[in-house]
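J.: only geometry, no sequence info:
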């Protein structure tokens, strides 16, 4: 996102970008790969203004067996990225114990959290949907999800 600033006694504008947020994008890795194209579109939206630490998880070619390392290594890496992130965005339409754990961790750390859930799916856990800490958005299509992402990132910008 760019900001224009008028300089004193000058007839031109200086354009500068705000500092980029570090965003952890959480989504189902071992299940839900049928939603990979949606994940990728959402990550592409985030990347228009900010840095995505976990971009690999949205890769359409990622499979459960292609995730590098052991479960222990993946857990450590994910928790490290969440710790580094300024904000977390989680797509939760496909239920995932791992994403639920990441959401709980993010809430305990007090980091801003946007949870995206497609409204045509009725499988959202009450433990997530009932949160008074996370921003929960039930979206009807990718356009709605992208709008929610832009608003969330803008409201949490540095």
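T.: Done, it's in. Remember, predicted model here, so these are calculated numbers, not experimental data.

J.: what about the helices in the protein?
T.: If DSSP state H is used as the criterion, the helices of the chain fall at 36-47, 71-84, 97-109, 126-129, 142-155.

J.: Report the inter-axis angle for the first one versus helix 142-155.
T.: So that's helix 36-47. Regarding helix 36-47 and helix 142-155, their directions subtend 30 degrees when assessed with axes from the mean of the first three to the mean of the last three C-alpha atoms, to 10 degrees.

J.: So which other helices or strands are in contact with helix 36-47?
T.: strand 22-26, strand 87-91, helix 142-155 (3 or more C-beta pairs under 8 Å, 6 or more residues apart in numbering; DSSP states H and E). All C-beta spots, glycine's among them, are computed from the backbone N, C-alpha and C.

J.: among these, which is nearest residue 74?
T.: strand 22-26 (12.6 Å; C-beta to C-beta).

J.: The closest one pairs with which strands, and in what direction?
T.: When pairing is defined by DSSP bridges, strand 22-26 lines up against strand 51-52 (parallel), strand 87-91 (parallel).

J.: what's in contact with it?
T.: Outside of strand 22-26, the residues within contact range by C-beta atoms under 8 Å, 6 or more residues apart in numbering are 39, 42-43, 46, 50-55, 57-58, 81-82, 84-91, 98-99, 102-103, 106, 153.

J.: Please type out the PyMOL selection for whichever of those turn out to be buried.
T.: Those of these that count as buried under 16 or more other C-beta atoms under 10 Å are selected in PyMOL with:
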select buried, resi 39+42+43+46+50+52+53+54+55+57+58+81+82+85+86+87+88+89+90+91+98+99+102+103+106+153
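
J.: on that earlier part again, in CSV: the helices and strands packed on helix 36-47, plus distance to residue 129.
T.: Compiled in CSV, the helices and strands packed on helix 36-47 are given as follows (distance: least, C-beta to C-beta, whole Å):
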stretch, distance to residue 129
strand 22-26, 16
strand 87-91, 12
helix 142-155, 15
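
J.: Need these in TSV (columns: distance to residue 119 and mean pLDDT).
T.: Supplementary listing: the helices and strands packed on helix 36-47 in TSV, determined by distance: least, C-beta to C-beta, whole Å; pLDDT from 0 to 100:
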stretch	distance to residue 119	mean pLDDT
strand 22-26	19	97
strand 87-91	13	97
helix 142-155	9	97
